[in-house]
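1. using only what follows, build the 3D model:
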Amino acid sequence: MLKFLSLSLQKLRAMAGGYLFAAAMLALAFLMFLTVRLTLNSAGPDSLSLAYVDDDAGPDADRFIEMLRKDDSAALSLTRCEDIEAARKLMNSGRAEGTLVIEAGFAALLAKGDAAVAYYPAAGSSSADAAREIISGHAVAVRSALRAKQYAEQLFSRELTETERNELERLTDSAMASAGSSVNVRVVGSGKTAAAKSIFSALYARSDGFFAFVCMLLLLMLGAFIGSDDARASAKRMLSLRGGAANETISGLLALILFGLAAAVLYHAAFGLPKLIDAAAELAYIVCVSTLSMLLGKLAGAARAELASPFIALITSLAGGCFIDPDALGGALKTVSLFTPQGQLLAARGSISHVLILLSAAAVLLVFSLPIFGRRKLILPPH
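-> Modelled structure (predicted):
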């Protein structure tokens, strides 16, 4: 085992162009992980200026607006408008980042779980998600009070007295402080209108997808060395020795796996320790991508295979759902994501079956990476 480990470290040094450059690659990867973590965990906007249109004008809608105004943590600035056109003028002038519309029949829609409010983000606004969370959080408090009142009146078969209503509101507010929920907030807008301008907004739900992308990119770049003239000459000499085929294959694979594990350790240093099943999925993913990297490196021959690495990593990561939850893709796109290592990794969170699929794929790729399939390529380069 020590023999394979020593040989693998030598292979890794050759793949990376030296231990110093390998360390630099890992340091840059850690900096990327840390930057994404800080960005994803950054606080929402210090203040949010919104216009609102009240099409309901009922007491429950008034209570909802009052709750938004009194939210010290959200620092909302609300401006009432008579209609959506007046609100649009505020947005166009830059004095509002969006418009909240309280639908007619607010209380009835909210109690049934339907969309009782709509939010229109201003063009180019990056605060749509923050606004939706704030609006949803207060709407659920109003909904809870409405439903509690309905249940109580059904139970007593009469309307509640003012004292009973006040006590019920106090109990509801207390319950909401310890249990969160959400309601359906309809966000109206598409394309550039509702899109955030920050590149990291695409990563809000998939930090593990970002790891999958970076890990594949690094391993593909390292694996490209296998097709170089120096690597083929070294492999030719290894194959002439007893047991050289096994040493060549295992040491190359182990070198890539060790580098992938180092990247995984740095990822969790930035994002925290994983669950056992998630750690198993990441290990299976690293093994699978390492075998894929070996195979692509051998097939590429002496060509500049590393030039294709960013494109392969990006395309498979997009298809695999690294930058958006695969469950949100639906239909054919959801199926396509499962044909990529990244898609299998993201689907493997909490599922052992996808871990087994990754390991099975790694076994198949390893077979095709054996020297017997690439013997014709393993020739000494001309001098």
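
2. when you work out contacts or count neighbours from here on, use the C-alpha atoms and nothing else.
-> Noted.

3. in the stretch 1-150 of the chain, what residue spans correspond to strands?
-> When secondary structure is read from DSSP state E, counting those that start in this stretch, the stretch 1-150 of the chain shows strands at 48-54, 76-80, 98-102, 117-121.

4. would you list these in CSV and tack on distance to residue 365, mean pLDDT and mean neighbour count?
-> Written out in CSV, the entries for the strands of the stretch 1-150 of the chain read as follows (distance: least, Cα to Cα, whole Å; pLDDT from 0 to 100; neighbours: other Cα atoms under 10 Å):
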stretch, distance to residue 365, mean pLDDT, mean neighbour count
strand 48-54, 52, 87, 21
strand 76-80, 55, 85, 16
strand 98-102, 51, 88, 25
strand 117-121, 47, 84, 24
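
5. any chance of those in JSON lines, plus distance to residue 333?
-> Output for the strands of the stretch 1-150 of the chain, formatted as JSON lines (distance: least, Cα to Cα, whole Å):
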{"stretch": "strand 48-54", "distance to residue 333": "35"}
{"stretch": "strand 76-80", "distance to residue 333": "38"}
{"stretch": "strand 98-102", "distance to residue 333": "32"}
{"stretch": "strand 117-121", "distance to residue 333": "28"}
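
6. what's the neighbour count on residue 26?
-> Around residue 26 sit 19 other residues, with neighbours defined as other Cα atoms under 10 Å.

7. surely it meets residue 263?
-> Yes. Counting by Cα atoms under 8 Å, residue 26 does reach residue 263; the two are 6.3 Å apart.

8. anything in contact with each of the two?
-> With contacts taken as Cα atoms under 8 Å, 6 or more residues apart in numbering, residue 26 and residue 263 have no neighbour in common.

9. low-confidence ranges in the stretch 201-350 of the chain?
-> Applying pLDDT under 70 to the stretch 201-350 of the chain picks out residues 201-206, 227, 229-246, 301-306, 325-331, 350.

10. packing partners for the helix or strand where residue 335 lies?
-> Assigned by DSSP states H and E, residue 335 belongs to helix 331-337. Applying 3 or more Cα pairs under 8 Å, 6 or more residues apart in numbering; DSSP states H and E, we find helix 331-337 packed against helix 309-320, helix 326-329.

11. pull out the buried positions in the helix or strand following that helix.
-> Proceeding N to C from helix 331-337, the next assigned helix or strand is helix 341-347, under DSSP H and E. Of the residues in helix 341-347, those buried under the neighbour-count criterion (16 or more other Cα atoms under 10 Å) are 341-347.

12. re earlier: any idea which of the strands of the stretch 1-150 of the chain gets closest to residue 322?
-> strand 117-121 (25.7 Å; Cα to Cα).

13. and that closest one, what does it pack against?
-> Under the contact criterion of 3+ Cα pairs under 8 Å, 6+ apart, strand 117-121 touches strand 98-102, strand 185-187.

14. other SSEs contacting the helix or strand that the shortest one is followed by?
-> Same thing as strand 185-187. If you walk from strand 185-187 toward the C-terminus, the next helix or strand you reach (DSSP H and E) is helix 207-223. Under the contact criterion of 3+ Cα pairs under 8 Å, 6+ apart, the helices and strands touching helix 207-223 comprise helix 2-16, helix 19-40, helix 244-271, helix 276-300, helix 309-320, helix 341-347.

15. need the mean per-residue confidence for stretch 5-15.
-> Stretch 5-15 shows a mean pLDDT of 82.

16. before we move on, the earlier item: and the helices and strands packed on helix 207-223 as a markdown table, adding distance to residue 217?
-> What follows is the helices and strands packed on helix 207-223, written out as a markdown table (distance: least, Cα to Cα, whole Å):
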| stretch | distance to residue 217 |
| --- | --- |
| helix 2-16 | 13 |
| helix 19-40 | 10 |
| helix 244-271 | 10 |
| helix 276-300 | 10 |
| helix 309-320 | 5 |
| helix 341-347 | 12 |
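
17. so which of these gets nearest residue 89?
-> For those, distance to residue 89 was read as Cα to Cα. The smallest value, 31.7 Å, belongs to helix 19-40.

18. residues of the closest one that come out buried?
-> The neighbour-count criterion (16+ other Cα under 10 Å) identifies 22, 26, 29-30, 32-34, 36-37, 40 as the buried residues of helix 19-40.

19. let me know the pLDDT of the closest residue to residue 13 other than its chain neighbours.
-> Distances taken as Cα to Cα, 6 or more residues apart in numbering put residue 19 closest to residue 13, at 5.3 Å, once the chain neighbours are dropped. pLDDT recorded at residue 19 is 90.
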